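In: Let me see the structure of the following:
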Amino acid sequence: MKTNSHLQMRWMELLVAAIFMGVSLLVITDSIRVGKAWGTDGPEPGYFPFYIGCLLFGGAAWVILQTLRRWKQDDGEKSFAQKHEFHLMLLMLIPSAAFTASIYVVGIYLASLIFIAAFMVWQGKYSYMKSIAVGTGISAALFALFEIWFTLPLPKGWIETWLGF
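Out: You can find the predicted model right below:
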């Protein structure tokens, strides 16, 4: 029996598909809770999320079935990532996790501005001024879209609350 010291692709495929199945079940059950039918005045709040959750569940189930069907064919030789590739993934995961955590502190709009601008400087090698301008423009557009046009408030942190947003 061969032992593989690398993380096999098939295990990652199963893990990600299982996570997607879990999320889809959460979406489906919550959609049922808030109402997934078509009401007298249109769709209930869970109508569209219910069907999206069903599609997500079906896609994840398909990935699991295909991975299990090919199990003996690939013999576990396909590696998920080499060490340098995994390092590159962490370079994207860590800032993304910091962005997500910072939403609760500074709010989604300021966190998005910082995240976009920082990535433009870091990965795109753009100037600070151009990066800040683009980050500000995108955050302002998101603010207008969600807060003003859709009247759907997104998470505010203490800074955005203090600024009156």
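
In: Any idea how many residues pack against Ser31?
Out: By the criterion of other Cβ atoms under 10 Å, Ser31 has 21 neighbours. From N, CA and C alone the C-beta is placed, and that goes for glycine too.

In: same question, the one 10 residues further on
Out: Applying other Cβ under 10 Å, we find 6 other residues in the vicinity of Asp41.

In: isn't Glu44 right up against Lys36?
Out: Yes: if you go by Cβ atoms under 8 Å, Glu44 and Lys36 touch, sitting 6.2 Å apart.

In: Show me how far the helix ranked longest in the chain is from its chain's centre.
Out: What stands out as the longest helix in the chain, according to DSSP state H, is helix 9-34. Distance, stretch centre to chain centre, for helix 9-34: 13 Å (Cα atoms, centre = their mean, to the nearest Å).

In: Could you shift the numbering so residue one becomes 55, and keep it that way?
Out: I'll keep to 55 as the first residue from here, and by that count the last item is helix 63-88.

In: I'd like the mean pLDDT over it, please.
Out: Averaged across helix 63-88, pLDDT comes to 95.

In: And what about Ser193, helix, strand or coil?
Out: Assigned with DSSP: H, G, I helix; E, B strand; the rest coil, Ser193 falls in the helix class.

In: got the contact list for stretch 82-95?
Out: Residues from elsewhere that reach stretch 82-95 (Cβ atoms under 8 Å, 6 or more residues apart in numbering): 98-101, 103-104, 107-108, 111.

In: repeat that for 6 Å
Out: 98-101, 103-104, 107 (Cβ atoms under 6 Å, 6 or more residues apart in numbering).

In: Report all helices and strands that the host helix or strand of Leu167 contacts.
Out: Following DSSP states H and E, one finds Leu167 within helix 162-176. With contacts taken as 3 or more Cβ pairs under 6 Å, 6 or more residues apart in numbering; DSSP states H and E, helix 162-176 sits against helix 137-160, helix 182-197.

In: now do 10 Å
Out: For helix 162-176, the packing partners by 3 or more Cβ pairs under 10 Å, 6 or more residues apart in numbering; DSSP states H and E come out as helix 137-160, helix 182-197, helix 212-217.

In: sorry, back to before: neighbour count winner among Glu98 and Lys90?
Out: Set side by side, Glu98 and Lys90 show more neighbours around Lys90, with 20 against 15, by other Cβ under 10 Å.

In: How many residues are close by Ser150?
Out: For Ser150, the count of nearby residues is 12 (other Cβ under 10 Å).
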